[in-house]
Every structure is written in C-alpha cells, then in structure tokens.
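Colleague: give me a model of this one.
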Amino acid sequence: MLTGTLAGTATGAHARPDGAPARPGGSVAPLALTEHIVNGTFTDGTAPWWGSANLSLAAVDGQLCTEVPGGLTNPWDASLGHNTIPLADGASYALSFRASTSAPVTVKANVQLNEDPYTTVLSRDVALDATAEEFGYEFTGTLDSDNGTLTFQLGGAAEAYTFCLDDVSLRSDAPTEPPPGGAEQLQNGDFADGTSGWYSYGTTSTQVTDGRLCSAVPGGLANPWDGGVGQNDVTLINGESYTLSFDASADPGATVRVAVQLGVDPYTSYFAEDITFGAEAQRIERTFTATADTEVAQVAFQVGGNAEAFTFCLDNASLLGGEEEPPYIPDTGPRIRVNQVGYLPTGPKNATLVTEATEALGWELTSAAGAVVASGRSTPRGVDQASAQNVHSIDFSGYRTAGTGYTLRADGETSHPFDISTDVWKQLRSDSLQFFYIQRSGIAIDGDLVGEEYARPAGHLGVAPNRGDTDVPCQPGVCDYRLDVRGGWYDAGDHGKYVVNGGIATYQLLNAFERTKTAPTAGGGAALGDGTLRLPERDNGVPDILDEARWELEFLLRMQVPAGEPLAGMAHHKMHDRNWTGLPLQPEDDPELRELHPPSTAATLNLAATAAQCARLYAPYDAAFAQRCRTAATTAYAAAKANPTRYASPQDGNGGGAYSDGDVTDEFYWAAAELYLSTGESSYLADLTASPHHTDDEVFAAHGFGWGSTAALGRLDLATVPSGLPAAERDRIRASVVAAADGYLATARGQAYGLPMPGTPGSYFWGANSNIINNAVVLATAFDLTGEATYRDGAVQGMDYIFGRNALNQSYVTGWGEKASENQHSRIFGNQYDESLPNPPAGSIAGGANASLDDPFAEQLLEGCAPMFCYVDDIASYATNEVAINWNSALAWIASFLADQGSAPTVPAGSGCRVSYVNHGAWAEGGGFTAQATITNTGTAPINGWTLSFAFHGDQKVREAWMAKVTQAGARVTARNESYNSRIMPGASQMFGFNATTAGGPNPSPALFTVNGVSCT
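Modeller: Down below sits the predicted model:
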C-alpha cells in the first residue's frame, strides 16, 4: 500500500507505430539508429508537422492528408514537412514513408538545410497515384547542422489533388552528444508528449495546457504530500552532483514542496525545499549531491498543505547529472527462433535462423536424448524488414512424431526446447480464460481456486480507502445522478473499466462459445462447459465461459444511462480514477475518487452488440437475464441512432485511457448484425445491409481488427451464426472471410517469421499482439467454414510469433515458453517492484513490440529499434508490456481453437453421414414448432447404434420426441436411437421428430450435426 508521497506512473491503457543494437555472440542484429521523426504515423494528429500557408493539414484514418491547389509554378510553392532534423557529414541515413495522391502526380521528397542556402542532402522525385506505396531511400550526410528539415514539395501540378502520407521514418547513426552538465534523468520534461511519464494524485485534474503540465489542486489538504505531480524511476548515483531546474507557477499563489527522494518506503529525501510560487512562472535551479545509489528515486512536486485551491503549472523540468544509461542490448538467446511451447504433430513446424550466411545451411532436429530425427536445408530469406536481420527459414513439418524436449540445430546454434504433441495447447485454453477471473473487480479472489498468491479482497466496493464503485458520480458537468457500476473486469494495468474494451473482450469470449455450435472441430463445446474453469460459479449448470463473460456483461448493463435522464439508453464511455495512481497498487487500496465519463455513441453500440449476443446465448440458461439483455440492446441501439455522433474526447485521458473514436460506422454495423441475428427483425437487417461495411473488404484490414475497428466482428458472426439471410448473401459473406484469410496467408508467406502481419513499422503498434492474433482468428474461421487445412495451418503458424519465433526470441505469454514475459505492466501484479506481490498469472499476454515507443521508459531504452525489437519485459513499459482484457480475449479465442486442433475424433473406416433437418413451422396457437431430422448413411459400412448431437441458437427447448430418446442440456440437444432403429445400412436413412417450445424470435436451423461424434454434411 502506498502512503505519504504517492509513487505513480502515468499510464495509457492502450493506444498505437523502428532497429536494435548488435548482440554479442556472433548474431546478426540491426544497427543502432536514432529516429528523428516525431509522430510519423499521425496517430497523435498532425503535430509537429508543418504546412505552407496554402495547405491545411489533417489526420485522416491514421494518415496526414492535405488538399494541394493546382496551377502553382514551383514544387516548393506548396510544401509540408518536419523540422529539427540533425544533419551530420558522413552519417548514414534511412528515409522511408508511404504516400498516395488522388491523381497521378510527381512530388519531391527532400532532406535539406532549413536555412539559407537550403542545401539538399537528399532530393528524390516520387511518382504517386491513388494506390498507397512504400518508398525507401538510404543516403549519406554531406554537411553538419542541427537545423535540417524533411520536406515534401507538392506544387507544380496543373490540377488540384489530395496528397496523403503515413509511416514516415528518418533514422541515422549520427552520434549524439550528452547534454551539458551531465545526463538528463527526466523524460518528457517539456511535456511535448502530454503527461507521458508523469504521475499525479490528490488533484482534481491534470493535463497539458499551452505546453505546460497544469494541475488543479483543492484547498484544505492537510499535508504537502497529500497531493502532487512528479516522475518515478529516476536513477541516482551516490556522491554524484545533480542540477534540478524547472519553470513553475501557482495561481493565485501557493507553497509547493519540491523534493527528490526515494520513490518507495521509506521515501528517503536527497533534496527538499518549500518554495512559494505566484501566478507568474518562476525559473528555479537547485544543485544537490545524491547520498545513495538507486533506480527508483522520484522527482516530486508536493502541492498539498495550502488552505485555498490553486492551479499549479510546470514546464521545462530537467534533472542533469549522473551517467548516461549504457546502450540496451537485449538477450535474444540462440539464433534459431522456434515456437518455444511446441507444435502439433500434423501441423506446420517452422523456425527462423538469424545468420550472416546467404547460402542454404544444413539443420538437424534432435530428440531429448540427442538423437538426430530429421534434417534438411534452410531457405535464405534475405534481410527481414521487421527485424533488420538476415534470416533463413527452416521447415520441418514433415516430422510428426510426438515427444518432448526437441531442439533444432543449425549454423552452430541450438534452439530453445519444444514439444510436439496433440495436447500442446490444451492448458492454454484454461490459462488464458482464467486471467479474467483474477482481473475481476468487486469480488474477493479466492486463492483456493487460483493460488494464494493471487488471493485478494474485493476492490472498489466503497470500503475505505476505496471511494466506489457502488455509488459513482459523473465528472463535473456530465450528469447529476450516481450509478452502481460494480463488477466487471479491470481493463488493463490500471483499475479503470472501459465499455469499448469490455465490449470486444466480452464479444470474443461469447463468440468462442458460440463457435462450438458451428465448428466441426470444437467438440460440441465440452471443453468450455460447466466445471472447466476455476470459478466460484462452476457446477451451476452454465458453461463456465458464459459465467465469466456475464461478470463483465453485468457491468456493461450498469453503465447504461437510466430512463428519465438525459441521453437515456446510452452507455457511459468509461469509469475510472480521477487521477493516475502509481505502481504497484492493489484494487482494495485505491484511494482515488471514481467518476463516470460522458456517454458515447461507441460505448452505446458496444453495449447494444454484446447485449444482443447475450440475448441469444443465455436464453437456454437464464431466460430472465437474456430478456434483460435484449431490452438493453434494443434500447441502446435506438439511443445510438438518436445520438450518432457523440464521440469520446481524445483529451479525456487523465486517470485512464481516452479511447476516443471518431468513426462509429463500424460499431453501428456490428450492433445491427448482432441484433439481427438475435431478433430476426427486418429493421436491423436493413441497417446492416445499408452499411458501407457490409460489402467493404477493408473490414479485414492488413493490421487486423480491435476495439476501435469492430466491423469485422459483425461480418464474422454473419458468416458463422445461422440466420435468415438468403443463401446467396450468406455465401457472399463467407467468401469475404475466406478471401481475407487468403490475404493473410499471402502476408505470412512474405514474412520470414511467418506471422500474418506486414513488416512495416506501422504494423507494430500499441497492443499489436492482439491484432496479429485477430488475423489468426480470421484464418481459423475460414478453416471452420471450409474445412481446408491450409487455413488451419495458417492460424496455427501465426501463433509461433507469439510464443517465441520472433526477433527477440521472446514468448509474450506468461508461463508459456523457455523465455516468457513475466513483468507485464500492472498495478495488481507488481512483483518487479514489490516481491511480496505475484507476477501476472500464466496465460497473460503482453501487448508486444510497439515501434511508436509510446512510453518514456521504452523511448529511452529502445530508441532506434527495428520494429520487432521495440519491446521490453519491464513493468515500467506500459506501451509494449501491458496486460489488457481485449488482448487476452483474443488469446483465449485462438487458444480454444488451437486446443481443438490437437486431435480429431476417430472416424471409422467406411463411415459417412448426412443429416437433413426440416422445421415444419410454428404451431397455429404459437409458442412452439415441430421439426424432423433424418440421418442418411453415406458411407460403405453400417452404422450400428447412433447418437446425433446439435445445438440451438436461441431459447428453443425440446418438449417431446418420437423415434429417438432426446435430451437437452442448455442449448445442446442429444438424440439416441431406439432399439428398433439403431442400425442404418449404407445408403439408408433413419429419422426422428420432436416438438419444441420457443418464446419467439428467429429459429434458424442448427448449423452443425454430429453422429457418433463425427460431423455430417
């Protein structure tokens, strides 16, 4: 528990997208290059990019775009660019970017002096058209100046056109000089990156205004340390001299204690001074000598202890002294990268070899006993774009013998060990799903279920020092009511709860269960059934995955604006602490005020979509809850249509992530699809078919789907969930999924590490691991739809990257792999800072490599990294190493699929079957229907005794049956032969019929039938 001066780290609960230094031991690694472009992916708007007066710059769909007037005389008459480019004579530079224009035109890309005589170091004519292309140029510096610029000169075309730019990178090996007076120990001291790297607590708001960090401080705080802003994880060296400098003001006036101290108990002070500030900024500079060695000091501005409220503002903060951190060199282990967990016997088995060799090399697969069991030659792949390594591929798929402790040998290296087994992924399904119980809010976590190290009291139930979540107010000016929003899952490394992240995470758990009704390899859902997870709700007759998803669904329902209030039916976008808190901090110890943030259209549609899923999936288990979900879904959808442009503010990011989304057409499509599937109503069908996303192949983008791009969710469910769609339309939708899978297969074939994601820097962003997995989800769905093994193999191989077949030789899932992540960013799992706390539980996935380096720890440590090297397993790196529910939900979905591929049911020789299902329609008096199923033996051997199984997709319940013994558990129906019809000869058929009740709504025919455990056509 943190007391006194609160240690804190500003953290973004996930947002978005360059080489690593050479490693000892002879491995090949990229040069250490320095990136000179800020915001080259335009995820943070257009700053610091500039444009000439006749251009208006805008960030559009993650690109910088501008309208260029026609008829300009010279190229430089319309220009945009990026200043502060250091130029060094003899230094090596690499420029890359992606660009397009609405009409064919040639522009100039220049790197040049930004003052008279504007000497160019690089000048290239770039021919562009409407197809975005990637361009790359390497050049050598020819002059020395710290006033260089990268410009795109766009003038000279006869007609006006639109120019768009993305993924800009300009790197060099130009030497950098340490700042005068020693090394800089503070990050983002000019607040150019917002509040990144800085914490605040005890204030009512903290944000960057006019380039300064400003906090609103309430009056009446008893002690100086009862409120503050500052920065943690500062390194000090005993006996070294340090100079602390900054500009600060306090309006209308206040005394602030400025301290440099140990950031953990006992908060030993190395420097402290009480300074009185006024409304005008005052420059302060102080020098002190450190009296201890530490890497966890903090610079703290303690703002409590003043009678009256005031606003404290800070700028140009600097702590000079000590030493520069030595260059970070990741330990990448053996140069053969494998899936450190293992491979399926009948699945693909690939590895990547990092080597200087350009010709094929021999490889050997050895057993645990050291015997060579397979051998072959590698395939040279050249320099991999994502890792900047020269690599070879190794394919040993032909070896299928199960065993443990295999290793690969090549080029004098031996890989990490791995298994070949049908059960290699069996436990991952459970581990990845168990994460959600441990992440629950508002319930005590039972150590008897998950281990005593994870036991903790219920958090955020209003028990001191908590101040929520049972009676939570809105942010000032948002509403005048309070809501009980207990429950749900803590979203990520913080204690916030966000509807848009909860939405996709809930969807993926529900969809993993719904897949068991339609996928031939899913085993009828037995592995996801009741009693399969360690939950307090187990053995209640409900599949455990539905029990877990319901914990979040209940929270999502509570976030709906009550009837009678303004914006009734919409959903509040998020709920979290007013201020950022520090690490570690257990939920039950969080003292911050919790607040509801404004309702948003995106959150409302997430509620509508997931509640609609709930309505059909929970109907067989809890009809009242299913009806509650349906009511909430229809109400939310109507409210969203009435308020279609209420977007979450990108500035609302203090104390929790902003999760802003300025395009919700994808959420509208997803919600309409789920409501149509659950209700069958024509109005939802009309809305989804009118959506541009219904026929847009870009719903399956190269970089995958995620919380801000959800159209793919609707498309996947329309392809897999039985409905009243015309057969031709259903087939078109399914074909679009298969076509997307073909695209991901082509991408994977082009990647030396075999992942279904391009190798550009823009492909490695905040949480990209989940997007990589979501591309594998599309591949897996294509396999479920077609039965073609190439899609299954693509999904399986795509996961090799996650479990170690990557440049870092790093498994990103705790507890899975020889070298696995274990220090993910989390306030709950704070072992790296407090050894009495646990590491994240097995099955927790890290966000992964992020070329944008969106946190100060990663930015300082990894500057110049090749995209795949932009990751560090450290709790301080929230932009590369955070946990998150929507990342673990992707892992849980694919883990369930992988586990299902371990072993197929034994199909007796000569067997084959076909099932025809006929619904004879609703009874005249309503409330039910009569159906008949006919089993035809299409094989060459008799069927001696049969058991047919299928699942309903709503609230249907069998009432009575004839010519079979029919039972039902939840949605699943099992029919067993009578003594007189147990034998079905080749070409012959047996039928049975039943009456069933239903409360109404769609009643599609079941999608999957199995006879004696084998799927039928």
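
Colleague: contacts, neighbours, all on C-alpha from now
Modeller: Fine.

Colleague: so, low pLDDT: which residues of the chain?
Modeller: 1-32, 175-181, 325, 904-905 (pLDDT under 70).

Colleague: swap in 50 and give it another go.
Modeller: For the chain, the stretches with pLDDT under 50 are 1-31.

Colleague: just want the most central residue of it.
Modeller: The centre of the chain sits closest to residue 767, judged by CA atoms, centre = their mean, with a distance of 3.6 Å.

Colleague: so what's that one closest to, chain neighbours aside?
Modeller: residue 847 (4.0 Å; CA to CA, 6 or more residues apart in numbering).

Colleague: and the gap between the one you found and residue 53?
Modeller: 40 Å (CA to CA, to the nearest Å).

Colleague: higher neighbour count, those two?
Modeller: Neighbour tally, residue 847 and residue 53, criterion other CA atoms under 10 Å: the higher count belongs to residue 847, 28 against 10.

Colleague: need the three-state assignment for the more buried one.
Modeller: coil (DSSP: H, G, I helix; E, B strand; the rest coil).

Colleague: again with residue 933
Modeller: Quick answer, by three-state DSSP: residue 933 is strand.

Colleague: right, and it touches residue 993 too?
Modeller: Yes: in this structure, residue 933 is within contact of residue 993 by CA atoms under 8 Å, at 6.2 Å.

Colleague: now do the strands in the stretch 801-950 of the chain.
Modeller: Taking DSSP state E, counting those that start in this stretch to define them, one finds strands in the stretch 801-950 of the chain at 913-922, 928-937, 943-944, 947-951.

Colleague: for those strands, which one ends up most surrounded?
Modeller: strand 947-951 (a mean of 21; mean count of other CA atoms under 10 Å).

Colleague: outside of that strand, which residues touch it?
Modeller: 517, 524, 971-977, 1006-1013 (CA atoms under 8 Å, 6 or more residues apart in numbering).

Colleague: wait, residue 1012 touches residue 944, no?
Modeller: No: taking contacts as CA under 8 Å, residue 1012 lies outside contact range of residue 944: 10.2 Å.

Colleague: and residue 131, what does it touch?
Modeller: Residue 131 touches 100-101, counting by CA under 8 Å, 6+ apart.

Colleague: repeat that for 7 Å
Modeller: Contacts here follow CA atoms under 7 Å, 6 or more residues apart in numbering; on that basis residue 131 touches residue 100.

Colleague: would it count as being in a helix?
Modeller: No: per three-state DSSP, residue 131 lies outside any helix segment and is coil.

Colleague: how close does it sit to residue 306?
Modeller: Residue 131 is 60 Å from residue 306, by CA to CA.

Colleague: and what of residue 287?
Modeller: With CA to CA as the criterion, residue 287 and residue 306 are 26 Å apart.

Colleague: quick one, which of the two is more surrounded?
Modeller: In terms of neighbours (other CA under 10 Å), residue 306 is the more surrounded of residue 287 and residue 306; the figures are 19 against 14.

Colleague: secondary structure element holding the more buried one?
Modeller: Residue 306 belongs to no helix or strand when assigned by DSSP states H and E.

Colleague: against residue 215, how distant is it?
Modeller: 14 Å.

Colleague: equivalent analysis for residue 704, please.
Modeller: 38 Å.

Colleague: do the same with residue 902
Modeller: Distance from residue 902 to residue 215, by CA to CA: 55 Å.

Colleague: again with residue 288
Modeller: Taken as CA to CA, the span from residue 288 to residue 215 is 26 Å.

Colleague: what's the answer for residue 239, then?
Modeller: Taking CA to CA, one finds residue 239 at 33 Å from residue 215.

Colleague: these two - which one has more neighbours?
Modeller: The neighbour comparison of residue 239 against residue 215 (other CA under 10 Å) goes to residue 215, with 26 against 13.

Colleague: in which helix or strand would I find that one?
Modeller: Using DSSP H and E, residue 215 falls in strand 212-217.

Colleague: same check on residue 106?
Modeller: strand 105-113.

Colleague: what's the helix or strand following that strand packed up against?
Modeller: Using DSSP H and E, the helix or strand that follows strand 105-113 in sequence is strand 120-128. Contact partners of strand 120-128 among helices and strands, from 3 or more CA pairs under 7 Å, 6 or more residues apart in numbering; DSSP states H and E: strand 105-113.

Colleague: elements contacting the strand it packs on?
Modeller: Packed next to strand 105-113, using 3+ CA pairs under 7 Å, 6+ apart, are strand 120-128, strand 145-153.
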